[in-house]
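Colleague: output the structure for:
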Amino acid sequence: MTTIRDVASRAEVSIATVSRVVNGNRPVHPDIRERVLKAVEELDYRPNFLARGLRQSNTCMIGLIIPDNSNPFYAELARAIEDAGFAAGYSVILCNSDLSEEKQLAYVDVLLSHKVDGVILIHQTSTPLKTLERILAENVPAVLANSDIPLPTLDQVLVEEHQGGYLAGQYLVSLNHRRIGCITISPPHSYIAKRIVGFRHALAEAGIELTTESFAMGNGRYESGYQAMQELLQRCPDLTAVFVFNDLMALGAINALHAQGIRVPEDISIIGYENIFYASAFEPGLTTIAQPIAAIGQECITRLLERIQQPEKPPTHITLPVELIERSTCRPLLAHNSIVESRSFS
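Modeller: Presented below is the predicted three-dimensional model:
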């Protein structure tokens with residue numbers, strides 16, 4: 001393996017000069033700098049940034065733990081965080097907990113062993129204490145995103161979940177839907193509860209009450225949306241609209257309807273949540289509540305770097321707005337058609 005000594009010998013300079021060029025922390029004559037860079041390229045020299053970071057008490061590496069990298073929302077959010085981190089001079093180590101607390105704790109140990117400068121945790125459960133205790137015990141800064149866990153001592157990046165649920169309900173009511181179902185996510189995280197409250201609030205303003213039979217649950221994945229839609233149809237065959245708590249499950253729900261010969265939106269309207277890429281690529285285009293993915297990523301990096309640089313700074317909780325994106329999976333009902341004849345499905 002090429003060493004800094006090899007580069008110094010090839011460029012006919014001292015090791016200290018090579019170090020100054022590579023680190024960029026002191027001025028070097030342009031001719032000498034060019035000679036060193038040429039030697040670096042010819043010898044394919046790769047500095048040991050981890051060792052350098054340990055000497056300088058930082059590694060310029062950040063850990064990112066997400067619950068499910070097969071979900072496009074988390075993939076897109078991870079990309080947004082990686083882009084923001086790279087722009088700030090940090091490398092991001094991605095860890096997928098796969099909805100497993102045991103796997104998440106194992107990844108925390110990996111990140112700590114790599115001496116990361118901080119950790120970002122996305123969509124944690126209501127009991128992430130083991131994970132956080134392990135991180136904070138090492139005095140490593142952490143930021144929670146999209147979690148809404150009552151931990152006032154930690155920086156958090158949140159979205160307006162209540163408003164998101166309210167917008168979905170308000171929109172369906174404005175289209176004259178009254179027989180409305182809902183596919184939520186289990187286990188019921190705190191942010192899910194806020195979304196439900198907002199949705200119920202909008203429907204209650206129109207005199208619509210959601211019964212227990214109007215709810216089905218999935219785990220956030222495509223197949224669970226498909227199965228939940230089947231269950232919902234069995235219990236409530238006369239639905240005209242369904243609010244699905246993430247886009248991936250919404251796409252599964254739409255295909256479950258298609259499999260039974262039910263058209264979207266002609267027979268049942270569907271509204272999702274998140275606005276992943278496939279929401280616009282799918283046909284028909286999915287009407288959804290958009291989370292500000294790029295803004296979440298940028299705020300996560302901003303908050304974490306502020307915490308790294310100012311460890312005594314009071315924690316901040318940032319709440320970002322959501323937005324209704326109208327596409328093609330919802331249609332208005334005529335007022336006299338809002339009460340429809342029950343349908344039967346085999």
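Colleague: was I right about Gly220 contacting Asp68?
Modeller: Yes. Between Gly220 and Asp68 there is a contact under C-beta atoms under 8 Å: 6.5 Å. From N, CA and C alone the C-beta is placed, and that goes for glycine too.
Colleague: settle it for me: which of the two has more neighbours?
Modeller: Higher neighbour count among Gly220 and Asp68: Gly220, with 22 against 18, using other C-beta atoms under 10 Å.
Colleague: name the nearest residue to the more buried one, ignoring sequence neighbours.
Modeller: Take Gly220 and drop its neighbours on the chain: the residue closest to it by C-beta to C-beta, 6 or more residues apart in numbering is Ile185, 5.1 Å away.
Colleague: how about Phe282?
Modeller: According to C-beta to C-beta, 6+ apart, the nearest residue to Phe282 is Leu251 (5.9 Å).
Colleague: and the one you found, how far from Asn71?
Modeller: 11 Å (C-beta to C-beta, to the nearest Å).
Colleague: over to Arg307?
Modeller: In terms of C-beta to C-beta, Arg307 sits 27 Å off from Asn71.
Colleague: His162 too?
Modeller: Counting by C-beta to C-beta - His162 and Asn71 are separated by 22 Å.
Colleague: between these two, which one's more packed in?
Modeller: Asn71 (22 against 18).
Colleague: now do the same contact list for the more buried one.
Modeller: Residues near Asn71 by C-beta atoms under 8 Å, 6 or more residues apart in numbering: 220-221, 246, 248.
Colleague: redo those as a markdown table? Include pLDDT and distance to Lys194.
Modeller: Below are the contacts of Asn71 laid out as a markdown table (pLDDT from 0 to 100; distance: C-beta to C-beta, whole Å):
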| residue | pLDDT | distance to Lys194 |
| --- | --- | --- |
| Gly220 | 91 | 16 |
| Arg221 | 93 | 22 |
| Asn246 | 95 | 15 |
| Leu248 | 96 | 20 |
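Colleague: in a markdown table: those, plus distance to Arg263.
Modeller: Shown next, in a markdown table, are the contacts of Asn71 (distance: C-beta to C-beta, whole Å):
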| residue | distance to Arg263 |
| --- | --- |
| Gly220 | 26 |
| Arg221 | 24 |
| Asn246 | 22 |
| Leu248 | 21 |
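Colleague: now the two most distant members of those.
Modeller: Arg221 and Asn246 (9.0 Å; C-beta to C-beta).
Colleague: of the two, which one has the most company?
Modeller: Asn246 (28 against 18).
Colleague: wait, the more buried one sits on Tyr74?
Modeller: No. If you go by C-beta under 8 Å, Asn246 and Tyr74 don't touch, sitting 10.3 Å apart.
Colleague: contact partners for the closest residue to His317 other than its chain neighbours?
Modeller: Setting aside the residues directly before and after it, His317 is nearest to Gln156 in space (C-beta to C-beta, 6+ apart), at 4.8 Å. Shown in contact with Gln156 (C-beta under 8 Å, 6+ apart): 143-145, 147-149, 315-318.
Colleague: please enumerate the helices of the chain.
Modeller: Here the chain has its helices, by DSSP state H, at 4-11, 15-23, 30-43, 49-56, 72-87, 101-113, 129-137, 161-174, 190-205, 222-235, 247-259, 277-281, 293-309.
Colleague: how about the longest one: buried residues?
Modeller: Same thing as helix 293-309. By 16 or more other C-beta atoms under 10 Å, the buried positions in helix 293-309 come out as 293, 295-305, 307.
Colleague: for it, the distance to its chain's centre please.
Modeller: Distance of helix 293-309 from the chain centroid (C-alpha atoms, centre = their mean, to the nearest Å) equals 13 Å.
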